[in-house]
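A.B. asks: need the 3D shape of this:
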Amino acid sequence: MKSTISTYKQYYRDNLKLAIPVVISQLGHTLVHTADSVIVGHFAGTVPLAAVSLVNSVFTVILVAGLGIAYGLTPLIAQAHGKRDIAECGKLLINSLIINIISSVVLFCFIYFGTLIAIDHLDQDPAVVQQAKPYLALLGISIIPLMVFNTFKQFAEGLHFTRQAMIISIAGNLLNICLGITFVKGLFGIEPMGVKGVGWSTLIDRSLMAIVMTYYVLKSHNFHKHIKTARITNVSWKRIKGILKLGGPVAMQYTFEVSAFSGAAILIGTFGAVQQAAHQVAISLASIAYMMSSGIAAATTIQSGTNFGKGDFKTLRMSANASYHIVMAFMCITASCFIAFNHILPMIYSDDQLVISAAATLLVIAGIFQFFDGSQVIGLGILRGMGDVNIPTLITFVAYWIVGIPLAWLLGIILEMGSTGIWYGLTAGLLCSSVLLYFRYRKMIARYPMTVCVNKEI
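C.D. replies: Residues are numbered from 1 along each chain as shown. Okay, here's the model as predicted:
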């Protein structure tokens, strides 16, 4: 152990320095929905909390498809940064912005003209559906400013500027909480809005975050030389295709995983509002841990992309291994917390003893799959930095939709194990993804000589 720490000490330090702001920023996406769940659970009740669960299950699938496309920018920026191609960074930014604006409008139309109609036919509690629809419509609009925010966030992070997005995310989440409580409970003379109130708070929060992040990138001296080429005349099909070549598969990776969990939520919803609310509590807590790992993975993508661009494959391998060590140590902590405090943590979300009891059982399972969840997202992050996205996309599809969901359906529905059976199926999918992605990383890194690039400084 001492030898390993000594060998990787510098890589741990470098990765964490880059990762911590990204982790906090990444948490912003999840904490928005977590805050919504907590506020609604305490101030509105079990049925509204079930409505939040239903909406988040459906909306998150669509959201991550958009975010995945946006994430295609980061490894390309990191690789251009590694090659010292400053002009290319600005050209990638303007092309990514065009892609993300168009994508967000398309996704909004999909929600408004498709999902809002389809939600009536998912065999859910009618009272839950009635409260879910206005909330879903507002979240759908919020995709547009969120995608603009994410464009400039990914650009800045690809150039190793990670603190600013973190600060904006923290401020945005505080604003979301304050507005959410005000609108849901009805403070300062405002009429109580219920579930719809957290929809409005999220829309306002994301709009302001987009404005501030855009202003920062365009006005900061850190990016003056990079954005000189971010002109509409530099929009080209070649660069759009390059971004989509990475972003498209990344979007599919996220979609396959999140849609599996959303499918599980819909299956659990057939058991009733209490089980659905319990699922929302447990998945919200698990999502916080996942997004922390995802933040480490995003930093790993930046490091891998930069080292890949420089041709420094030895540092790439050492940095990647260090990320695996960091995330496994972190997941050991979260798993212990979920198992040790499984009856206490659900109280953050709800006062309903039936919900707390059901969620406590699911949290034990969540503790088990923490290790697989963390390691699989690190594997994806490393491979994205190296530009390898197609085979990992196939792996995620097989893991979640060939292994995970069919097994969840078999255990939960056919063998009547209920929500615990469904979560066991999801755990099997995460295990499959984790193992296959690790072997893919080992195969990819073995292709390159472990030589150190002479010019390592950027």
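A.B. asks: CA atoms of stretch 154-167 as CSV?
C.D. replies: C-alpha atoms of stretch 154-167 as CSV (Å, rounded to 0.1, in the frame of the first residue of the first chain):
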residue,chain,number,x,y,z
GLN,A,154,-17.1,22.1,-21.2
PHE,A,155,-15.0,24.5,-23.1
ALA,A,156,-13.5,26.0,-20.0
GLU,A,157,-13.0,22.6,-18.3
GLY,A,158,-11.3,21.2,-21.4
LEU,A,159,-8.7,24.0,-21.0
HIS,A,160,-8.3,23.0,-17.3
PHE,A,161,-10.3,26.0,-15.9
THR,A,162,-12.7,24.2,-13.6
ARG,A,163,-13.3,26.4,-10.6
GLN,A,164,-15.5,29.0,-12.3
ALA,A,165,-18.3,26.5,-13.3
MET,A,166,-18.1,25.1,-9.8
ILE,A,167,-18.8,28.5,-8.2
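A.B. asks: same question for it, mean pLDDT?
C.D. replies: For stretch 154-167, mean pLDDT rounds to 81.
A.B. asks: list of residues touching that stretch?
C.D. replies: By CB atoms under 8 Å, 6 or more residues apart in numbering, the residues outside stretch 154-167 that reach it are 18, 21-22, 24-25, 70-71, 73-78, 81, 89, 92-93, 96, 153, 213, 216-217, 220, 222-223, 226, 298-299, 302, 305-306. Where you see a C-beta, it was placed from the backbone N, CA and C, and this is true even at glycine.
A.B. asks: buried residues of that stretch, list them for me.
C.D. replies: Buried residues in stretch 154-167, counting neighbours by 16 or more other CB atoms under 10 Å, are found at 154-162, 164-166.
A.B. asks: likewise for stretch 264-276?
C.D. replies: Neighbour-count burial for stretch 264-276 flags 264-269, 271, 273-276 (criterion: 16+ other CB under 10 Å).
A.B. asks: now flag whichever of those residues is closest to residue 60.
C.D. replies: Among those, residue 265 lies closest to residue 60 (CB to CB), at 9.3 Å.
A.B. asks: what helices or strands is the helix or strand in which that closest one is found leaning on?
C.D. replies: Per DSSP states H and E, residue 265 falls inside helix 237-269. Packed against helix 237-269 by the contact rule (3 or more CB pairs under 8 Å, 6 or more residues apart in numbering; DSSP states H and E) you find helix 46-71, helix 73-82, helix 86-110, helix 273-310, helix 353-385, helix 390-397, helix 405-409, helix 418-445.
A.B. asks: out of these, nearest to residue 11?
C.D. replies: Closest to residue 11 of the helices and strands packed on helix 237-269 is helix 273-310 (CB to CB; 8.8 Å).
A.B. asks: got the buried residues for the helix or strand following the closest one?
C.D. replies: Per DSSP H and E, the first helix or strand lying C-terminal to helix 273-310 is helix 313-340. Using 16+ other CB under 10 Å as the test for burial, helix 313-340 gives 313, 315-327, 330-331, 334-335, 337-338.
A.B. asks: pretty sure residue 316 contacts residue 308?
C.D. replies: Yes: if you go by CB atoms under 8 Å, residue 316 and residue 308 touch, sitting 6.0 Å apart.
A.B. asks: shared neighbours, the two?
C.D. replies: When CB under 8 Å, 6+ apart defines a contact, the residues bordering residue 316 and residue 308 alike are 385-386.
A.B. asks: OK, contacts around the nearest residue to residue 325 once chain neighbours are set aside?
C.D. replies: Leaving aside its sequence neighbours, residue 325 sits nearest to residue 8 (CB to CB, 6 or more residues apart in numbering; 6.5 Å). Neighbour list for residue 8: 318, 321-322, 325 [criterion: CB under 8 Å, 6+ apart].
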